[in-house]
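> Fold the following and give me the result.
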Amino acid sequence: MRRFNFLNLIFAIFFLTTFISSCSEDEVEFNTQESNTYESEENLEAVFDLVSSITNEGMIQVESNDEMGRIAQSSGILTMATVTFSGDKESGRVEIDFGTTGVTGPDGRTWKGVVVLEYDGRRYIPGSVVYTVFEDFYIDEYKIEGSRVSTNITENINQPKFQVVVTNGKLTWPGEEGLVATWSCNRTHTWTINQDFSFSLSIQGTANGVNTLGQEYSTLIYEIDPLILKSECISSSAFIPVQGSKTISSVEDLQIDVYYGAGTCDRTVMIKIGKQTKEVHF
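Numbering: from 1, shown residues only. Just a heads-up that it's a prediction; the model follows:
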């Protein structure tokens, strides 16, 4: 199967959404709870999108390697890491080691630590499963923990589909405060591949987390209005979803609605909190 050029998209999403309050041109006037909830959700989702790209790259190397157990002749983000394999193309383990001192990633941040993949079945065959866990893995000084499981649930060969479950996702801020946000999700990623190998990615499902204030929240992306990312928007620097919406809510009756548009390759998001609506430009 042709390699998807989704990695640059993920890097840009991570760069633009991490610490989103400092990246937007028009800051929405959140109160403390709203700000922490929105930023916690965006940060954790962006981090695990990055983990998704590392996982995909590792499995691409598994598919392309004829000699398992050696250090891969890697491409993309894996050129920065020491990559070792055990097993074969049907099942095995991939260890992606960015070192203890760290390397500079494509997003300009320092990556260090180890990402471990354990897989059962070939990636693009229905029923295959990839497990992703971490060993002292950091982006800059932000520690990432948790596990990610991706299961191939494809029904149509032209629309590869994966169930993605993140359990006990955790982001710990550096410094004496030791701020922590946690996140779990159960989502479906559906790829639509065109004859010219352009693609779109549809994401729908649920997530729940605890923000840095210790407040619980949940996120819903409706099946009838999923988040859509398009390959053709990359050239116009629209690196965020260009269609769809999600709702972030909490037990404190907080509701944040995020609208990504109707498919135009722009970099504008509409955020609604109560009666307040404002555009945010990336």
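
> What residues of the lengthiest helix in the chain count as buried?
If you go by DSSP state H, the chain has its longest helix at helix 32-64. By neighbour count with 16 or more other Cβ atoms under 10 Å, helix 32-64 contains the buried residues 34-62. Backbone N, C-alpha and C define where each C-beta goes, glycine included.

> Give me the most central residue, the chain.
In the chain, the residue lying closest to the centroid (Cα atoms, centre = their mean) is residue 49, at 0.9 Å.

> what about residue 216, neighbour count?
Residue 216: 13 surrounding residues under other Cβ atoms under 10 Å.

> Tell me the spatial nearest neighbour of it, not counting adjacent residues.
Counting by Cβ to Cβ, 6 or more residues apart in numbering, residue 210 is the residue found nearest to residue 216 once chain neighbours are left out, at 5.4 Å.

> what residue ranges in the chain are flagged as low confidence?
Scanning the chain for pLDDT under 70 picks out 1-30, 65-76, 176, 234-239, 282.

> do that again at 50, thanks
Where the chain drops to pLDDT under 50, the residues are 1-26, 28, 71-73.

> Do you have the strands of the stretch 101-250 of the chain handy? List them.
Ranges of strands in the stretch 101-250 of the chain, per DSSP state E, counting those that start in this stretch, are 103-104, 110-120, 129-139, 142-152, 161-172, 180-193, 199-210, 216-221, 227-230, 243-250.

> Quick one: closest of these to residue 85.
Checking these against residue 85 by Cβ to Cβ gives strand 110-120 as the closest, at 9.5 Å.

> Name the strands paired with that closest one and say parallel or antiparallel.
Strand 110-120 sits in its sheet next to strand 91-97 (antiparallel), strand 103-104 (antiparallel), strand 129-139 (antiparallel), going by DSSP bridges.

> need the ones you listed in TSV with mean neighbour count, can you?
Shown next, in TSV, are the strands paired with strand 110-120 (neighbours: other Cβ atoms under 10 Å):
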stretch	mean neighbour count
strand 91-97	19
strand 103-104	12
strand 129-139	18
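
> Minimum distance to residue 228: which of those has it?
strand 129-139 (23.5 Å).

> how close does the residue nearest to the centre of the chain get to residue 162?
Distance, residue 49 to residue 162, using Cβ to Cβ, to the nearest Å: 13 Å.

> Number of residues surrounding residue 108?
The local packing of residue 108 (other Cβ under 10 Å) involves 9 other residues.

> How many residues are close by the nearest residue to residue 219 once chain neighbours are set aside?
Spatial nearest neighbour of residue 219, chain neighbours left out: residue 207 (4.2 Å); criterion: Cβ to Cβ, 6+ apart. Using other Cβ under 10 Å, residue 207 has 22 neighbouring residues.

> now do residue 200
19.

> My read is that it contacts residue 230, right?
Yes - using Cβ atoms under 8 Å, residue 200 is in contact with residue 230, at 4.8 Å.

> ok, now which ones touch the residue nearest to residue 216?
By Cβ atoms under 8 Å, 6 or more residues apart in numbering, residue 210 lies in contact with 40, 181-182, 216-217.

> got it, and residue 99?
Applying Cβ under 8 Å, 6+ apart, the residues near residue 99 are 81-82, 112.

> still on that earlier bit, same list (the strands of the stretch 101-250 of the chain) but as JSON lines, adding distance to residue 258.
Output for these, formatted as JSON lines (distance: least, Cβ to Cβ, whole Å):
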{"stretch": "strand 103-104", "distance to residue 258": "31"}
{"stretch": "strand 110-120", "distance to residue 258": "28"}
{"stretch": "strand 129-139", "distance to residue 258": "23"}
{"stretch": "strand 142-152", "distance to residue 258": "23"}
{"stretch": "strand 161-172", "distance to residue 258": "19"}
{"stretch": "strand 180-193", "distance to residue 258": "15"}
{"stretch": "strand 199-210", "distance to residue 258": "13"}
{"stretch": "strand 216-221", "distance to residue 258": "9"}
{"stretch": "strand 227-230", "distance to residue 258": "9"}
{"stretch": "strand 243-250", "distance to residue 258": "5"}
